[in-house]
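Participant: just coords:
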């Protein structure tokens with residue numbers, strides 16, 4: 001009784017590797033496409049196209065406390081507190097007053113500073129190391145306004161803020177903002193291209209493996225035996241075909257050459273087998289072509305009258321399920337399959353899988 005043996009079929013790493021080699025054009029194509037799409041898009045967006053320019057002006061201060069912090073628990077202002085202070089409403093209102101000193105009308109203000117939220121996005125405080133030396137950085141898309149805002153922040157810091165904080169004795173500017181330098185974005189096109197290529201290749205390999213595991217393909221004659229319990233006679237070009245045919249069909253005169261699916265032409269298959277057999281005395285038999293059993297209602301009745309049945313199974317993806325259906329049908333019809341040949345197989349893959357060097361087939365006898 002025929003039954004599938006999927007549970008006993010192990011994962012074949014060597015076969016998967018060879019199939020991966022066979023699909024290198026597909027993987028290479030996906031890798032190139034992904035590299036062009038993502039790496040090329042990154043390059044076009046960040047290098048070729050015009051980008052928004054930003055300028056930064058930095059001010060560095062010296063803070064003197066009324067009681068110098070010399071031990072744990074003493075008062076000092078950390079970086080988070082500095083940012084809280086410079087973005088507070090009190091600081092912002094004083095900042096607008098200093099900014100207005102150099103601006104005729106409020107309508108002439110730089111648009112982002114019209115609101116406190118816009119101002120907060122422009123100003124940031126840092127405390128790199130010593131708590132006596134904070135700094136503020138103003139980032140804007142207009143160079144002149146970047147300097148104006150930085151200077152107004154300096155005035156607010158050294159005047160209103162220093163006077164309103166009793167723990168601070170004095171704040172002085174030790175490095176004023178005298179120029180606004182352009183902020184260059186961190187653009188790394190080579191790294192983006194390499195990363196795109198690696199990720200695209202990885203994605204292509206994963207897709208290939210998922211497809212390979214899910215297509216129920218047949219690539220080796222041994223799969224016919226392991227998975228379906230058939231007598232695997234080889235391929236039409238394999239050296240073991242003639243001895244296997246002679247053994248499996250010993251004493252048989254009329255052998256039906258039956259295809260598992262309709263894509264295989266039984267007439268061409270019979271002609272190929274006759275040419276392969278040649279004048280071998282052990283295989284002087286009548287090879288009778290038959291269509292796929294599921295395509296002909298009278299096929300099984302005629303198959304039962306033959307001395308033997310040779311089943312041709314096409315190699316490739318999605319070959320397993322159609323073969324299962326044919327085998328189930330032949331079992332119900334009590335048609336015994338004497339052997340199976342893997343048709344249109346990848347001979348290079350089979351030779352490499354078994355590490356057999358290429359050699360021309362011997363002519364004449366077995």
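Facilitator: In hand now; what should we look at? Quantities reported herein were computed from a predicted structural model and do not represent experimental measurements.
Participant: all helices of the stretch 101-250 of the chain, in order?
Facilitator: Here the stretch 101-250 of the chain has its helices, by DSSP state H, counting those that start in this stretch, at 116-120, 143-156, 162-164, 189-214, 221-228, 241-248.
Participant: got those helices as TSV, with distance to residue 321 columns?
Facilitator: Just so you know, the C-beta spots here come from the backbone N, C-alpha and C atoms, and that holds for glycine as well. Shown next, in TSV, are those (distance: least, CB to CB, whole Å):
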stretch	distance to residue 321
helix 116-120	62
helix 143-156	69
helix 162-164	81
helix 189-214	11
helix 221-228	11
helix 241-248	25
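Participant: number of nearby residues for residue 16?
Facilitator: Look at residue 16: counted by other CB atoms under 10 Å, it has 13 neighbours.
Participant: and the gap between the nearest residue to it once chain neighbours are set aside and residue 330?
Facilitator: Nearest non-adjacent residue to residue 16, counting by CB to CB, 6 or more residues apart in numbering: residue 212, 6.5 Å away. Distance, residue 212 to residue 330, by CB to CB, to the nearest Å: 28 Å.
Participant: of those two, which one has the most company?
Facilitator: More crowded of residue 212 and residue 330, by other CB under 10 Å: residue 330, with 22 against 16.
Participant: ok, and what's touching the helix or strand where the more buried one lies?
Facilitator: Remark: residue 330 resides in helix 320-332, with elements defined by DSSP states H and E. For helix 320-332, contacts defined as CB atoms under 8 Å, 6 or more residues apart in numbering pick out 1-2, 4, 216-218, 227-228, 230, 260-261, 292-294, 300, 303, 309, 311, 313, 337.
Participant: how about a cut-off of 6 Å?
Facilitator: 2, 216, 260, 261, 293, 313 (CB atoms under 6 Å, 6 or more residues apart in numbering).
Participant: in terms of helix, strand or coil, where does the last one fall?
Facilitator: Classification of residue 313 using DSSP: H, G, I helix; E, B strand; the rest coil returns strand.
Participant: which ones are touching it?
Facilitator: Applying CB under 6 Å, 6+ apart to residue 313 gives the contacts 260, 323, 340, 342.
Participant: now swap in the fifth one and tell me
Facilitator: Residue 293 makes contacts with 299, 300, 329, as judged by CB under 6 Å, 6+ apart.
Participant: show me which positions of the helix or strand hosting the second one end up buried.
Facilitator: In this structure, residue 300 sits in helix 299-304 according to DSSP H and E. For helix 299-304, the buried set under the neighbour-count rule, 16 or more other CB atoms under 10 Å, comprises 299, 300, 303.
Participant: over to stretch 247-267?
Facilitator: 248, 249, 252, 255, 256, 257, 258, 259, 260, 261, 264, 266.
Participant: now stretch 23-30
Facilitator: 23, 27, 30.
Participant: let's have these in TSV, adding secondary structure and distance to residue 123.
Facilitator: Below are the buried residues of stretch 23-30 laid out as TSV (DSSP: H, G, I helix; E, B strand; the rest coil; distance: CB to CB, whole Å):
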residue	secondary structure	distance to residue 123
23	coil	56
27	helix	50
30	helix	47
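Participant: residue 350: which of the residues you listed is nearest?
Facilitator: residue 23 (16.5 Å; CB to CB).
Participant: got the contact list for the closest one?
Facilitator: Counting by CB under 6 Å, 6+ apart, residue 23 makes contact with residue 208.
Participant: would you mind measuring from it to residue 29?
Facilitator: Counting by CB to CB - residue 23 and residue 29 are separated by 10 Å.
Participant: likewise residue 74?
Facilitator: 66 Å.
Participant: distance of the residue nearest to residue 87 when sequence neighbours are not counted from residue 278?
Facilitator: The shortest distance from residue 87 to any non-neighbouring residue, by CB to CB, 6+ apart, is to residue 120 (4.7 Å). Residue 120 is 90 Å from residue 278, where distance means CB to CB.
Participant: pLDDT weak spots in the stretch 101-250 of the chain?
Facilitator: Applying pLDDT under 70 to the stretch 101-250 of the chain picks out residues 102-108.
Participant: tell me what the strand ranked longest in the chain is packed against?
Facilitator: Scanning the chain for the longest strand, with DSSP state E as the assignment, gives strand 55-65. Other elements packing on strand 55-65 under the criterion 3 or more CB pairs under 6 Å, 6 or more residues apart in numbering; DSSP states H and E are strand 135-140, helix 143-156, strand 168-175.
Participant: can you list those in CSV and add distance to residue 101 and mean neighbour count?
Facilitator: Listed next are those as CSV, based on distance: least, CB to CB, whole Å; neighbours: other CB atoms under 10 Å:
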stretch, distance to residue 101, mean neighbour count
strand 135-140, 17, 21
helix 143-156, 8, 22
strand 168-175, 17, 14
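Participant: would a markdown table of the ones you listed with distance to residue 91 be doable?
Facilitator: Formatted as a markdown table, the helices and strands packed on strand 55-65 follow (distance: least, CB to CB, whole Å):
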| stretch | distance to residue 91 |
| --- | --- |
| strand 135-140 | 11 |
| helix 143-156 | 6 |
| strand 168-175 | 13 |
